[in-house]
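Enquirer: Structure for the following, please:
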Amino acid sequence: MNNQNKSKKIFILYSLIVVGFIIFLGVMLLTTLKSRDLPSLYTKESSKAIRGSIISADDFHIATTIKLYKAVVNTHYIDPKKKELFVELFSIYSGIDAKEIKKRLAKRDGVVVLSYNIPQKQAQYLKQLSYELLRLNVFIERKNPLTGKTTLHGLSVVESGESREYPYDKLLTPIIGYPHKYEDEGYTYVKGVKGLEKKFENELQAKQDELSQGPRDVNGYIILNGESFTKPEINGLDIKLFIPVALQIRIERMLEEMREELRAQHIIAAVMDSKSGDVLTMASSNRYLPKSIKRSDYPSLNSGMIEYSFEPGSVIKPITFSLLLDKGLVNPYDLVNGHNGRYKIGRKIITDEHKFDWLSAENVIVHSSNIGIAQLAQKLSGAEFYQGLIDFGFASKSTPDLVYEKVGSVPHILQLENEIYKATCSYGYGMHANLMQLIRAYSAFNNNGRIITPKIVKCFIDKGKKEIPIPYAEQIQVIKSTTAQRMKKILIKTVNEGTGTKTKTDGLEIGGKTGTAHIVEGKKYVNEYNTAFVGFANDKKSKYIIGVIVIRPKKSQFASQTAVPVFKKTVDILVEEDYLKPDIVE
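Expert: Next up, the predicted model:
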């Protein structure tokens with residue numbers, strides 16, 4: 001009986017061992033065959049490339065891009081006992097008030113975005129904080145009741161987009177332009193809409209995002225070995241201008257003051273090197289903040305330099321006179337009948353502000369006689385006059401560096417065969433031009449008869465800080481060198497004896513011409529005016545073309561009392577900033 005019980009116990013024990021072994025083998029087999037979510041032995045990191053900067057001639061970043069990050073947390077994984085610790089630490093590292101963080105966490109359970117606009121430097125601090133929070137066990141593991149998996153989610157800090165920054169606020173607007181934001185796969189990008197931001201969109205935009213992937217270590221960092229792969233980021237090219245911040249600021253402030261003094265709607269001014277075409281300043285009295293454009297800013301979004309096309313008035317007279325002079329159709333000393341200030345061509349009565357009986361041909365320019373230039377212009381054929389205006393650059397783009405230029409217009413050849421059209425066009429009516437076209441045309445008088453294309457952008461700069469120069473446009477000979485020299489003397493005489501006397505500056509060579517023209521509204525001339533002064537200012541080494549337009553001044557309709565003082569103040573600033581050095585003998 002005892003032997004039988006003993007055998008029975010041994011059998012039961014053996015059976016249990018066999019069953020246990022079978023169960024063990026079954027579990028092992030099931031574990032082997034069952035698909036599992038093992039931690040990846042590989043990891044991947046990416047970083048977005050950014051838009052290039054716009055840099056001034058004196059190396060200030062006037063438009064630049066910063067990355068923005070968002071901080072995300074899942075409230076289900078925050079240990080309730082350490083929630084206060086999380087809030088306090090996140091507040092310290094992010095700079096966001098603790099009350100605001102509590103408010104955001106209380107809004108919903110689950111995934112909460114604590115901030116969308118974290119700057120890059122703070123984002124680095126918060127990434128360090130995320131590791132510290134894990135070390136302090138602020139986050140706890142959670143088991144999914146459906147899958148049975150255990151997961152742990154901490155603080156995530158990820159790139160959310162880019163922001164275009166303008167450290168000098170309104171500086172150089174509207175030339176610099178502004179961008180718009182757009183979303184792509186949850187990331188916010190910017191794209192140029194106007195000005196330099198639009199014109200050089202292809203050069204400024206990021207080229208290639210950074211990507212790194214390969215085996216990871218226990219901390220999740222990529223191990224750089226033969227199995228890893230890295231693709232570097234290639235940011236957009238930087239753009240460097242010829243315009244220095246220091247000069248631009250001074251000119252802009254002066255224009256603002258003069259707008260108030262003259263009670264004008266708008267004043268614009270530009271300075272260009274006569275020898276190279278390098279633009280030192282393009283300034284406007286009316287500007288805006290590119291990041292916060294208001295409805296009241298809408299009229300200022302367009303660049304008056306190229307997008308405001310107007311009848312230029314008497315600043316065209318030197319162009320007309322130079323065409324006559326170049327073709328030998330007039331001698332500067334020829335006498336012209338002033339008709340005592342009133343002259344009829346066809347059905348049109350032409351008048352002069354100052355009455356003349358007779359005056360020399362060159363004094364037609366010096367004293368700005370409409371009657372005189374109207375008579376002289378009749379010596380040009382319609383084809384000669386038309387082609388001359390086209391050669392001087394009217395009705396064509398003045399600069400390749402800006403977009404949306406209004407190129408204006410000149411009368412058709414057949415119209416210019418008509419004596420009335422020829423007369424009115426000779427003193428700047430019946431045609432349209434913008435300021436940069438006038439500056440380009442006047443460069444011929446200060447550059448031996450060659451017109452120069454205004455150049456705003458000096459070069460591109462790549463990731464390695466290498467400058468990629470932009471070629472200069474070919475200078476075009478539009479009148480003979482001798483004609484240009486004669487015109488230069490006449491424009492200097494205009495400043496010394498004529499309508500531009502208030503621009504005189506001791507020790508400098510100053511020449512130029514005033515212009516006043518009625519404004520057209522609804523196809524009718526109204527009792528409002530644009531005034532202009534375009535000319536040059538030279539010392540022994542430097543030669544500059546300067547153009548000024550005063551739009552709708554209320555204080556006076558005369559250029560000599562509006563545009564001329566602005567021109568003079570511009571010259572004074574160029575002297576004070578050491579761009580011009582008067583040759584004064586004590």
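
Enquirer: shaky segments in this structure?
Expert: The chain contains residues with pLDDT under 70 at 1-6, 8-9, 11, 13, 20, 24-25, 27-45, 216-229, 585-586.

Enquirer: how about 50 then?
Expert: 35-39 (pLDDT under 50).

Enquirer: Show me what the strand or helix carrying residue 566 is packed up against.
Expert: Assigned by DSSP states H and E, residue 566 falls within helix 563-576. Counting contacts by 3 or more C-beta pairs under 8 Å, 6 or more residues apart in numbering; DSSP states H and E, helix 563-576 packs against helix 245-262, strand 266-273, strand 509-521, strand 524-538, strand 543-551. From N, CA and C alone the C-beta is placed, and that goes for glycine too.

Enquirer: quick one, phi/psi of residue 376?
Expert: Main-chain dihedrals, residue 376, degrees, to the nearest 10: phi -60, psi -40.

Enquirer: what residues does the helix holding residue 566 touch?
Expert: With contact meaning C-beta atoms under 8 Å, 6 or more residues apart in numbering, helix 563-576 is reached by 247, 250-251, 254-255, 258, 267, 269, 271, 499-500, 502-503, 505, 508, 510, 512, 514-515, 531-533, 535, 537, 544, 546, 548-550, 580-582.

Enquirer: Quickly list what the closest residue to residue 266 other than its chain neighbours is bridged to.
Expert: In space, and not counting its chain neighbours, residue 266 is closest to residue 551: 4.2 Å by C-beta to C-beta, 6 or more residues apart in numbering. Counting by DSSP bridges, residue 551 forms beta bridges with residue 266, residue 530.

Enquirer: isn't residue 551 right up against residue 286?
Expert: No - at 9.3 Å, residue 551 does not count as touching residue 286 under the criterion of C-beta atoms under 8 Å.

Enquirer: list residues touching both of these two?
Expert: Joint contacts of residue 551 and residue 286 (C-beta under 8 Å, 6+ apart) are 266, 304.

Enquirer: residue contacts, residue 144?
Expert: Residue 144 neighbours (C-beta under 8 Å, 6+ apart): 150-151.

Enquirer: and if you look at the one 10 residues further on?
Expert: Counting by C-beta under 8 Å, 6+ apart, residue 154 makes contact with 73, 77, 130, 133-134, 138-139.

Enquirer: Quick one: which of the residues you listed is the most crowded by neighbours?
Expert: residue 73 (26 neighbours; other C-beta atoms under 10 Å).

Enquirer: What is the helix or strand that residue falls within packed up against?
Expert: Using DSSP H and E, residue 73 falls within strand 61-74. In terms of contacts (3+ C-beta pairs under 8 Å, 6+ apart), strand 61-74 is packed against strand 54-55, helix 83-94, strand 111-119, helix 120-135, strand 156-165.

Enquirer: if you set the cut-off to 7 Å instead, what comes out?
Expert: Counting contacts by 3 or more C-beta pairs under 7 Å, 6 or more residues apart in numbering; DSSP states H and E, strand 61-74 is packed against strand 54-55, strand 111-119, helix 120-135, strand 156-165.

Enquirer: Heading C-terminal from the third one, find the next helix or strand.
Expert: The first helix or strand that comes after helix 120-135 along the chain, using DSSP H and E, is strand 142-143.

Enquirer: so the spatially most central residue of the chain, which of the three states?
Expert: Residue closest to the average C-alpha location in the chain (C-alpha atoms, centre = their mean): residue 176, at 1.8 Å. Taken by DSSP: H, G, I helix; E, B strand; the rest coil, the conformation at residue 176 corresponds to coil.

Enquirer: correct me, but it touches residue 63?
Expert: Yes - counting by C-beta atoms under 7 Å, residue 63 is a contact partner of residue 176 at 5.9 Å.

Enquirer: list the residues that contact both of these two?
Expert: Residues within reach of residue 176 and of residue 63 at once, by C-beta atoms under 7 Å, 6 or more residues apart in numbering, are 54, 197.

Enquirer: before we move on, the earlier item: could you flag which of the contacts of helix 563-576 are buried?
Expert: 247, 250-251, 254-255, 258, 267, 269, 271, 499-500, 503, 505, 508, 510, 512, 514-515, 531-533, 535, 537, 544, 546, 548-550, 580 (16 or more other C-beta atoms under 10 Å).

Enquirer: And the strands in the stretch 301-450 of the chain, which stretches?
Expert: Along the stretch 301-450 of the chain, counting by DSSP state E, counting those that start in this stretch, strands occupy 335-337, 342-345, 348-351, 358-360, 450-451.

Enquirer: which secondary structure elements does the very next helix or strand once past the shortest one contact?
Expert: If I follow you right, that is strand 450-451. Sequence order places strand 457-461 as the next helix or strand after strand 450-451, per DSSP H and E. On a contact count with 3+ C-beta pairs under 7 Å, 6+ apart, strand 457-461 meets strand 238-241, strand 467-469.

Enquirer: how about 10 Å then?
Expert: Packing partners of strand 457-461 (3 or more C-beta pairs under 10 Å, 6 or more residues apart in numbering; DSSP states H and E): strand 54-55, helix 201-204, strand 238-241, strand 467-469.

Enquirer: related to what we said a few turns ago, for the strands of the stretch 301-450 of the chain, which one sits closest to residue 390?
Expert: strand 450-451 (11.6 Å; C-beta to C-beta).

Enquirer: picking up where we left off before, neighbouring strands for the strand holding residue 73, and are they parallel or not?
Expert: strand 54-55 (antiparallel), strand 111-119 (antiparallel), strand 156-165 (antiparallel).

Enquirer: That one vs helix 120-135, what angle?
Expert: Interaxial angle of strand 61-74 relative to helix 120-135 (axes from the mean of the first three to the mean of the last three C-alpha atoms, to 10 degrees): 20 degrees.

Enquirer: Next, the buried residues of strand 61-74.
Expert: Neighbour-count burial for strand 61-74 [16+ other C-beta under 10 Å]: 61-65, 67-74.

Enquirer: Now the two most distant members of those residues.
Expert: Pairwise over the buried residues of strand 61-74, using C-beta to C-beta, the maximum falls at 62 and 74, 41.3 Å.

Enquirer: Not counting residues beside it along the chain, what's closest to residue 428?
Expert: residue 316 (3.6 Å).

Enquirer: how near is that neighbour to residue 330?
Expert: Separation of residue 316 from residue 330 (C-beta to C-beta, to the nearest Å) stands at 16 Å.

Enquirer: between those two, which one's more packed in?
Expert: A count of neighbours by other C-beta under 10 Å puts residue 316 above the other of residue 316 and residue 330, at 28 against 20.

Enquirer: Please verify my assumption that residue 357 contacts residue 339.
Expert: Yes - Residue 357 lies in contact with residue 339 (C-beta atoms under 10 Å); the separation is 8.2 Å.

Enquirer: more crowded one of the two?
Expert: Legend: neighbour count by other C-beta under 10 Å for residue 357 and residue 339, higher for residue 339 (19 against 10).

Enquirer: residue contacts, the nearest residue to that one once chain neighbours are set aside?
Expert: Sequence neighbours aside, residue 371 is the residue nearest to residue 339 in space, at 5.6 Å (criterion: C-beta to C-beta, 6+ apart). Neighbouring residues of residue 371 by C-beta atoms under 10 Å, 6 or more residues apart in numbering: 336-345, 350-352, 355-356, 359, 364, 423, 427.
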